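Peer 1: Generate coordinates for the sequence data below:
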Amino acid sequence: MTENKIQTLHPEAGKVNKVIPFEKYEMMKTTMLEILQELNPTHTELMEELYVRLNKTFTGNVQWYGETVKLDLEARGIIQRSGAKPPKYSLI
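Peer 2: Just a heads-up that it's a prediction; the model follows:
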């Protein structure tokens with residue numbers, strides 16, 4: 001039986017993001033959107049919060065998948081990065 005996969009997008013034109021298992025994408029996306037409903041985190045804070053919430057149940061590197069899904073959600077116009085230093089993330 002083959003695993004369902006998703007081609008993730010990249011916010012920078014011309015760049016290609018990764019193909020990852022759809023189940024992992026959905027778990028990461030759901031958790032990331034929950035975090036962004038509660039917080040307005042920096043990149044570091046977002047990755048740390050993902051790790052705290054998923055490290056016991058997620059199979060794979062939480063930060064790597066988190067970065068892949070974060071870029072995809074930016075490219076799809078679901079989340080945005082502020083122009084502040086350091087940038088903060090929020091829902092659109």
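
Peer 1: Flag the shaky bits of the protein, pLDDT-wise.
Peer 2: Scanning the chain with the threshold set as pLDDT under 70 gives 1.

Peer 1: what helices or strands is the top helix by length along the chain leaning on?
Peer 2: Scanning the chain for the helix with the most residues, using DSSP state H, yields helix 22-38. Here helix 22-38 touches strand 5-7, helix 43-54, helix 62-75, strand 79-81, strand 89-91, going by 3 or more Cβ pairs under 8 Å, 6 or more residues apart in numbering; DSSP states H and E. In short, each C-beta sits where N, CA and C put it, glycine included.

Peer 1: how about a cut-off of 7 Å?
Peer 2: Helices and strands touching helix 22-38, by 3 or more Cβ pairs under 7 Å, 6 or more residues apart in numbering; DSSP states H and E, are strand 5-7, helix 43-54, helix 62-75, strand 89-91.

Peer 1: out of the ones you listed, nearest to residue 27?
Peer 2: Nearest of the helices and strands packed on helix 22-38 to residue 27, taken as Cβ to Cβ: helix 43-54 at 7.2 Å.

Peer 1: helices or strands up against the closest one?
Peer 2: helix 22-38, helix 62-75.

Peer 1: Quick check on the closest residue to residue 22 other than its chain neighbours: phi, psi?
Peer 2: Residue nearest to residue 22 in three dimensions, not counting chain neighbours: residue 4, with 4.1 Å by Cβ to Cβ, 6 or more residues apart in numbering. When read as degrees, to the nearest 10, the backbone of residue 4 gives phi -70, psi 140.

Peer 1: tally of neighbours for residue 4?
Peer 2: When neighbours are defined as other Cβ atoms under 10 Å, residue 4 has 10 of them.

Peer 1: from memory it sits against residue 19, does it?
Peer 2: No: the criterion here is Cβ atoms under 7 Å, and residue 4 misses it with residue 19 at 10.8 Å.

Peer 1: buried set for the longest helix of the chain?
Peer 2: Judged by neighbour count (16 or more other Cβ atoms under 10 Å), helix 22-38 contains these buried residues: 24-25, 27-29, 31-32, 35-36.

Peer 1: what angle sits between it and helix 43-54?
Peer 2: On the basis of axes from the mean of the first three to the mean of the last three Cα atoms, to 10 degrees, helix 22-38 is oriented at 120 degrees to helix 43-54.
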